[in-house]
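Enquirer: pasting a predicted model and its sequence here:
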Amino acid sequence: MSVQTFDPTQAGITMTDAALAHTQRQLAKVGASALRLATKKSGCSGYMYVVEYVDTPTSADTRFRISEDVSVYVDRASLLLVQGTEIDYVTEGLNSFIKFNNPNAQAECGCGESFSV
C-alpha cells in the first residue's frame, strides 16, 4: 500500500485561446496584471464564480501561469471547487461570455450562474 499526496496545483486552471485573448484585452483595458477566480455560496445550485482583475495575489492565492502575460490566482478556499477548470470565451449568436468548464460541477442552474459539487 502506498500513500498518495494531493497537490491541488497539479490539476491546474487552463484557458482556451479565445479566453486568453479576451483576458489579455480586458487586463489591458482595466490596467491589471492578473485574473482572480474564486467561488462563493450563492445562486440556486450552491456556488457561483467570482472573477476580478487584480495586480497582486493574496497570501491565500495559488498562481496558475497561463501565458507570459496572464496569470490566474485562485484562493485556497475555492481551489478544491475549481481545480481542473478550463476557462473558455464563447460566442453564441450576438452574445459573448466567459464559460467555466468545471469537471467538479455535478450540476448547474438553468441560467448558468451557479453550480453544485
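Expert: Sure, I can see it. Numbering: from 1, shown residues only.
Enquirer: so how far is the longest helix along the chain from its chain's centroid?
Expert: Counting by DSSP state H, the longest helix found in the chain is helix 17-30. When C-alpha coordinates are averaged (Cα atoms, centre = their mean, to the nearest Å), helix 17-30 and its chain have centres 14 Å apart.
Enquirer: wait, isn't I87 in contact with G12?
Expert: No. Assessed by Cβ atoms under 8 Å, I87 is found out of contact with G12, at 11.1 Å. Any C-beta I mention is one placed from the backbone N, CA and C, and that applies to glycine too.
Enquirer: pull out the buried positions in the longest helix of the chain.
Expert: For helix 17-30, a neighbour-count test (16 or more other Cβ atoms under 10 Å) marks A18, A19, L20, H22, T23, L27 as buried.
Enquirer: do stretch 93-104 as well
Expert: Buried residues in stretch 93-104, counted by 16+ other Cβ under 10 Å: I98, F100, N102.
Enquirer: just the ones of these in strands?
Expert: Taking DSSP state E, the ones among those that sit in strands are I98, F100.
Enquirer: that older thread, now, among the buried residues of helix 17-30, which is nearest to G93?
Expert: Set against G93, the nearest of the buried residues of helix 17-30 by Cβ to Cβ is A18 (15.7 Å).
Enquirer: quickly find the element holding the spatially closest residue to that closest one that is not a sequence neighbour.
Expert: In this structure, A18 finds its nearest non-sequential neighbour in Y89, 4.1 Å apart by Cβ to Cβ, 6 or more residues apart in numbering. Using DSSP states H and E, Y89 sits in strand 86-92.
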